[in-house]
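Novice: need coordinates for the below:
(one chain, ligands or ions: 1)
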Amino acid sequence: MKRDRPFVTANFAITADGRISTRNATPADFSSPRDKRRLLEIRAACDAVLAGMKTIATDQMTMGLPADDLRAIREAKGMPAYPTRVLLSASGRIDPALRVFTRDFSPIIVFSTTRMPRRVREALAGKTTLHLHERAVDLAAMLRTLRREHAVKRLVCEGGPRVFRALLVADLIDELHLTISPRIFGGTKAPTLTGIAGDFLPRSTTLTLREMRVIDGECFLRYRIE
Ligand SMILES: NC(=O)c1ccc[n+]([C@@H]2O[C@H](COP(=O)([O-])OP(=O)(O)OC[C@H]3O[C@@H](n4cnc5c(N)ncnc54)[C@H](OP(=O)(O)O)[C@@H]3O)[C@@H](O)[C@H]2O)c1
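Specialist: Residues are numbered from 1 along each chain as shown. Below is the predicted model:
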């Protein structure tokens, strides 16, 4: 059956006690250089990279591909050197001064709602393609738009947990890459893969382990979500 949306993979680093950040939602910088390289390898295999505005702001992301060899491989395959960047915000309260908007190496596509303040729309108009939905972003429609209008066949969701959870609940995640870092954070307020521990998902998700590698004490997992 022909897909009407991109294949969606997600990528997270988690601690041994299942936290993706500290309770202060500090930048996700606890994994190794090997994990950071793997993040770039996964990004390089995709047409586009998606993240929520909180992660983009907290981690000061540019969503680029700072690896000459990976860009060269993409270009040899006839792909653009950098993946397209996809930003998600319900409120539309986006700071146009964020680092991601200071680099123009690849298109930026923003999915938000008509709640986006006029000053933000004006500031982003020349730098991004805006898709504004009514009330809430329809995630399935967002993916169809990415496939049909922006030729995105493969998308990596780099979080954060609220974005991941929303996609998971809507059955829109196909694959999950997890790096288990040998750290323990503890606490009830440090977010897990699906946000602050508390609310159950509407139903549990079954994963099929497809790959497992252990490198220097870190465990790299790849699951398929059927
Ligand atoms: N360990 C890791 O691998 C990893 C990976 C990614 C992030 N993180 C960490 O995760 C933390 C942030 O996570 P988070 O869950 O708070 O934030 P997030 O998922 O990055 O972003 C949440 C924001 O994204 C927008 N959003 C989320 N779901 C949406 C939906 N269904 N429709 C429209 N917009 C939606 C909203 O933006 P508006 O508020 O503008 O409406 C929301 O406030 C940071 O500390 C970051 O470092 C860790």
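Novice: how many neighbours does residue 66 have?
Specialist: Residue 66 has 10 neighbours, counted by other CB atoms under 10 Å. C-beta: built from backbone N, CA, C; applies to glycine.
Novice: and it, what does it touch?
Specialist: Each residue near residue 66 by CB atoms under 8 Å, 6 or more residues apart in numbering is listed here: residue 40.
Novice: do that again at 10 Å, thanks
Specialist: 36, 40, 82 (CB atoms under 10 Å, 6 or more residues apart in numbering).
Novice: cool, and residue 100?
Specialist: Contacts of residue 100 by CB under 10 Å, 6+ apart are 51, 53, 56-57, 59-64, 85, 87, 94, 108, 127-128.
Novice: those: which two are farthest apart?
Specialist: Greatest spacing in the contacts of residue 100, by CB to CB: 59 and 127 (19.6 Å).
Novice: could you dump the contacts of residue 66 to a markdown table with pLDDT and secondary structure?
Specialist: A markdown table is the format used below for the contacts of residue 66 (pLDDT from 0 to 100; DSSP: H, G, I helix; E, B strand; the rest coil):
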| residue | pLDDT | secondary structure |
| --- | --- | --- |
| 36 | 95 | helix |
| 40 | 98 | helix |
| 82 | 98 | coil |
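Novice: out of the residues you listed, which end up buried?
Specialist: The neighbour count (16 or more other CB atoms under 10 Å) marks 40, 82 as buried among the contacts of residue 66.
Novice: keep the contacts of residue 66, but drop any that are not near the ligand.
Specialist: With CB under 6 Å from any ligand atom as the criterion, the contacts of residue 66 include none near the ligand.
Novice: with respect to residue 161, which of the contacts of residue 66 is nearest?
Specialist: residue 36 (19.0 Å).
Novice: and that closest one, what does it touch?
Specialist: 13, 29, 66, 179 are the contacts of residue 36 under CB under 10 Å, 6+ apart.
Novice: which one (most neighbours) among these?
Specialist: Within the contacts of residue 36, most neighbours by other CB under 10 Å means residue 13, with 25 neighbours.
Novice: report the contact partners of that one.
Specialist: So residue 13 contacts 19-21, 28-32, 35-36, 38-39, 159, 177-181, 183, 218, 220 (CB under 10 Å, 6+ apart).
Novice: filter the residues you listed down to the ones in strands?
Specialist: The members of the contacts of residue 13 that map onto strands under DSSP state E are 177, 178, 179, 180, 181, 218, 220.
Novice: can you report how many residues lie near the fifth one?
Specialist: The reference is to residue 181. 21.
Novice: contacts only, for it.
Specialist: By CB under 10 Å, 6+ apart, the neighbours of residue 181 are 13-16, 19-20, 28, 30-32, 35, 217-219.
Novice: switch the cut-off to 8 Å
Specialist: By CB under 8 Å, 6+ apart, the contact set of residue 181 is 13, 14, 15, 16, 30, 31, 32, 35, 218.
Novice: can you narrow these to ones near the ligand?
Specialist: Among these, the ones lying near the ligand by CB under 6 Å from any ligand atom are residue 13.
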